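> sequence unknown, structure follows:
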């Protein structure tokens, strides 16, 4: 089972439901680094609703330009390479929203996030969703959904994972899951106490809040997904 959080999201007109859920996990006034921040929608949301000290990293020049035009503090950088330049515990939260699957070395990126931030928030599309399984198993075609909208020959995603895969990675790097949520295509949350197979089968995307275990306290009590 996985412990979830509900009804603590700020009110906003943002269109991506995962951004609402991510914002709901961040404390007001926190120091935040958004890795792969795109056009800065989440940074803007956090700045306006939570008053955070918001910084961003984005690989595309267009994304950086869009962020700067909005008055956001964003630099151009590659998560696979440039996170190594940040100091330990430089931020309260390091966020990776819908970007993990596009990195070359997801484990290394997640390890760097846990080093840089006291907590990490990761959202990603779930490759174990039933619609994806159906497209592969019945149609014999690479999946195409709202969350995986690119054709196979032009997708930026190179490391797909399921909810079970991600939890296994979290255990591998000795991190602890604080909160987690899985959502269907309409943004409705899968029942918190649902068994792992329901999350993995019916959740189109997931959001996880992670933290390092206290010194001398091994990472344990992970959900069985």
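Arrived safely, thanks for sending. A quick note: this is a predicted structure, and the numbers were derived from the prediction, not measured.
> Let me know how buried residue 73 is, in neighbour terms.
13 (other CB atoms under 10 Å). No exception for glycine: its C-beta is placed from N, CA and C like everyone else's.
> those helices in the chain, which residues are they?
17-24, 41-50, 61-69, 79-82, 106-116, 130-134, 163-172, 196-202 (DSSP state H).
> which helices and strands sit right next to the shortest one?
By that I understand helix 79-82. When contacts are defined as 3 or more CB pairs under 8 Å, 6 or more residues apart in numbering; DSSP states H and E, helix 79-82 packs onto helix 106-116.
> angle of the helix it packs on against helix 163-172?
Relative orientation of helix 106-116 versus helix 163-172 (axes from the mean of the first three to the mean of the last three CA atoms, to 10 degrees): 50 degrees.
> what about residue 69, distance to residue 16?
20 Å (CB to CB, to the nearest Å).
> Give me the more crowded residue out of the two.
Neighbour count, other CB under 10 Å: between residue 69 and residue 16, residue 16 has more, with 18 against 10.
> Apart from its neighbours in sequence, what residue is nearest that one?
residue 41 (7.3 Å; CB to CB, 6 or more residues apart in numbering).
> Confirm for me that the one you found is in contact with residue 20.
No - Residue 41 lies out of contact with residue 20 (CB atoms under 8 Å); the separation is 10.9 Å.
> List the buried residues for the helix or strand of the chain with the lowest mean pLDDT?
Lowest mean confidence among the helices and strands of the chain (mean pLDDT, DSSP states H and E): helix 130-134, at a mean of 72. The neighbour-count check on helix 130-134 (16 or more other CB atoms under 10 Å) flags 131, 132 as buried.
> ditto for stretch 197-217
199-212.
> Any idea what residue 122 is bridged to?
Beta bridges link residue 122 to residue 96, residue 208 when assigned by DSSP bridges.
> List just the nearest of the buried residues of stretch 197-217 to residue 87.
residue 212 (15.3 Å; CB to CB).
> Run a quick neighbour tally on the nearest residue to the closest one once chain neighbours are set aside.
If the residues on either side of it in the chain are set aside, residue 212 comes closest to residue 114, at 5.6 Å by CB to CB, 6+ apart. Applying the criterion other CB under 10 Å, we find 20 residues in the vicinity of residue 114.
> And residue 114, how far from residue 173?
7 Å.
> repeat for residue 183
From residue 183 to residue 173 the distance is 24 Å (CB to CB).
> of those two, who's got more company?
Legend: neighbour count by other CB under 10 Å for residue 183 and residue 173, higher for residue 183 (22 against 15).
> The more buried one: what's it in contact with?
When contacts are counted by CB atoms under 8 Å, 6 or more residues apart in numbering, residue 183 touches 17, 18, 21, 189, 190, 203, 204, 205, 206, 207.
> Can you pull out the low-pLDDT segments for the protein?
Scanning the chain for pLDDT under 70 picks out the ranges 1-15, 130, 136-139, 141-157, 215-225.
> residues in contact with the residue nearest to residue 211 when sequence neighbours are not counted?
Closest residue to residue 211 apart from its sequence neighbours, by CB to CB, 6+ apart: residue 119 at 4.6 Å. Residues near residue 119 by CB under 8 Å, 6+ apart: 92, 93, 94, 178, 209, 210, 211.
> Distance of residue 119 relative to residue 32?
Look at residue 119 and residue 32: by CB to CB, they are 10 Å apart.
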